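**Q** The sequence and its predicted three-dimensional model are supplied below.
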Number of protein chains: 2
Amino acid sequence: MTIRYPNGKPYRTHHDKKTNENQPKKKKVSYSKRGMTLEEDLNATNDYYLLRKQAVIHKKPIPIQVVNVDYPRRSAAKITEAYYKRASTTDYNGIYKGHYIDFEAKETRNKTSFPLKNFHDHQLTHMEMCHEHGGICFVIIRFSTLNRVFLLDFPLLYKWWKQQFEEKGKKSIPLKEIETDAFEISYSLSPRLPYLKVVDHLIQLQNT
Amino acid sequence: MTIRYPNGKPYRTHHDKKTNENQPKKKKVSYSKRGMTLEEDLNATNDYYLLRKQAVIHKKPIPIQVVNVDYPRRSAAKITEAYYKRASTTDYNGIYKGHYIDFEAKETRNKTSFPLKNFHDHQLTHMEMCHEHGGICFVIIRFSTLNRVFLLDFPLLYKWWKQQFEEKGKKSIPLKEIETDAFEISYSLSPRLPYLKVVDHLIQLQNT
C-alpha cells in the first residue's frame, strides 16, 4: 500500500536510505574550501569544450523529489519541501565526435587507494548498458589530497568492481593499480582537465 | 502493497520515480485527469526499451536551485527553500544502436497548429550543436486534444524555427505541415509510443 500525504502525494519510506547515500555531497562543501572541486573543474572544462564546439557534454541536474510548492503572487514558484533522490544514471553525458559519452566523477581523500563503495550498483549497471550500446563510458577519479586525477575506462572499472565480490576480493582499487590501468589527466590552464585527449585515445582503441 | 527485493528495498520502476518528480507542476495535475501525459507515455516507453536492452534513454531531472537545507536528526536532509531553474538542454537523451539521441517533448492543446513559443532559444541551440556533432535530434509533439503524436526531425524543426523571424514568418507550425514534415507515432500497448521505429528511419536516412 502506498502511504500518502494529505495532498495525495505518495510518502517515500525509502528517503532515509537515499539521503544517507547523498550525504557525501555535504563533504563537497568542505572540499570547496580547499580549492576547486572535481565537479567545478569538470563543469569549467565542459563549458570550454562547448564554447569551442568540440563536444556537447553536460552534468545532469541532481534529482530532487519535490513534495510541496508555494506559489506566492508575482514571484517564482517556491519549493518549500523537497528531498534528494538517488540518481538512476551517471552524472555526465553527451556527444563527442559522434560518440555517446557517459561518465561519473568521484573524489576521494584516501591517499593510497580508491574505495569501491563510492559506486552504487545502478551506476555500474547503467554504464554497462551504455557500453554495450557502443557508448564510451568511464569514471574520472580525483585523489583530492594528492590532487591527482585519473580517467579509468569502464571495462577496467568493471573488472575491479566485480572482483570485490570474490573471495579475498579487494574493497578498493590501489593507487598503484590505477596508475597502471587508468590514464592520468594533468591540470592545464584551459581547459582545466583536458579529459577529451584521453577519450580520443579510447576512440582509437575502440576502432582498432 | 510494496513489492520488495530480497534485500528489503522496495521495488520501484523507473517510471514511478520519474512521474512523481514532476507532480507539483500545476499543468501536469490538470492534464493527468484527462489521461496520460506525453511525459508519462515517454517514460513508460523508455522503461520498456531499457528493460529489453534496446536503448538507454532517460529523462533528465528537472534543474532545481537549492537555497536552504535542514538536517533534522535521524532523518533525511530536507530541502526547505528551492526554485525551479530553466533547463539548459533538452529533456531526454541517451544512446540507441551506438547513436547519441537527444530530444525534447512538447504538448499543445491547440488543434490546428503548434506554437513555436513552446521552444526556447537555448533548446534549439543545444539541439543544433548535438546535430552538428552527429547526434540524432528531434522533438516529439503531442496535440493533446486530438491525441495525435508526431516526431519532427531537428533539421525540419530548425527550418520552421528560423522562418518565424522572417517578414510574415509564421509563429506556429500548421498541423497540415506537421503531417507532411513529421512522422506520426501511433500509440501501441507496449511500448506506448514506439518512437524508436521512426529513429530507425532517421538513422537510415543519415546513412544514405
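**A** Nice, thanks for sending it over.

**Q** Can you report phi and psi for A:Gln54?
**A** Backbone geometry at A:Gln54, expressed as degrees, to the nearest 10, gives phi -90, psi -30.

**Q** got the residue ranges for the helices in chain A?
**A** Assigned by DSSP state H, chain A shows helices spanning A:15-22, A:24-32, A:38-51, A:121-132, A:154-163, A:175-181, A:196-207.

**Q** is the fourth one anywhere near chain B?
**A** Yes: residues of helix A:121-132 are located near chain B by Cβ under 8 Å from any Cβ of the partner chain, namely A:126, A:129-130, A:132. For every residue, glycine as well, the C-beta is placed using N, CA and C.

**Q** Dump those to TSV, plus neighbour count and pLDDT.
**A** TSV is the format used below for these (neighbours: other Cβ atoms under 10 Å in any protein chain shown; pLDDT from 0 to 100):
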residue	neighbour count	pLDDT
A:His126	22	97
A:Met129	19	97
A:Cys130	23	98
A:Glu132	12	97
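
**Q** which one of the residues you listed sits closest to B:Leu50?
**A** A:Met129 (7.5 Å; Cβ to Cβ).

**Q** So the closest one is in contact with B:Val56, correct?
**A** Yes: using Cβ atoms under 8 Å, A:Met129 is in contact with B:Val56, at 4.9 Å.

**Q** Can you work out which residues contact both of those two?
**A** B:Leu50 (Cβ atoms under 8 Å, 6 or more residues apart in numbering or on different chains).

**Q** List the buried residues in stretch A:199-207.
**A** For stretch A:199-207, burial by neighbour count (16 or more other Cβ atoms under 10 Å in any protein chain shown) applies to A:199, A:202-203.

**Q** which of these come close to chain B?
**A** Okay, of the buried residues of stretch A:199-207, nothing touches chain B (Cβ under 8 Å from any Cβ).

**Q** Report the separation between the nearest residue to A:Leu157 once chain neighbours are set aside and B:His133.
**A** Nearest residue to A:Leu157, sequence neighbours excluded (Cβ to Cβ, 6 or more residues apart in numbering or on different chains): A:Val139, at 5.5 Å. According to Cβ to Cβ, to the nearest Å, A:Val139 and B:His133 sit 23 Å apart.

**Q** Kindly report the same for A:Lys59.
**A** Distance, A:Lys59 to B:His133, using Cβ to Cβ: 18 Å.

**Q** So which of the two has more stuff around it?
**A** Taking neighbours as other Cβ atoms under 10 Å in any protein chain shown, A:Lys59 and B:His133 compare with B:His133 leading, 20 against 15.

**Q** Go through the residues of helix A:121-132 next to chain B and name the one nearest B:Val67.
**A** Closest to B:Val67 out of these is A:His126 (29.7 Å), distances taken as Cβ to Cβ.

**Q** Report the contact partners of the closest one.
**A** Applying Cβ under 8 Å, 6+ apart, one finds that A:His126 lies in contact with A:88-90, A:102, B:56.

**Q** switch to 7 Å and redo it
**A** Taking Cβ atoms under 7 Å, 6 or more residues apart in numbering or on different chains, we find A:His126 in contact with A:89-90.

**Q** Quick check: longest strand in chain A by residues?
**A** Ranked by residue count, the top strand of chain A under DSSP state E comes out as strand A:99-108.

**Q** So which bits of chain A are right by chain B?
**A** A:1, A:9-10, A:14-16, A:19, A:22, A:53, A:56, A:58, A:60-66, A:69, A:76-84, A:88-89, A:93, A:95-96, A:98, A:100, A:129-130, A:133-135 (Cβ under 7 Å from any Cβ of the partner chain).
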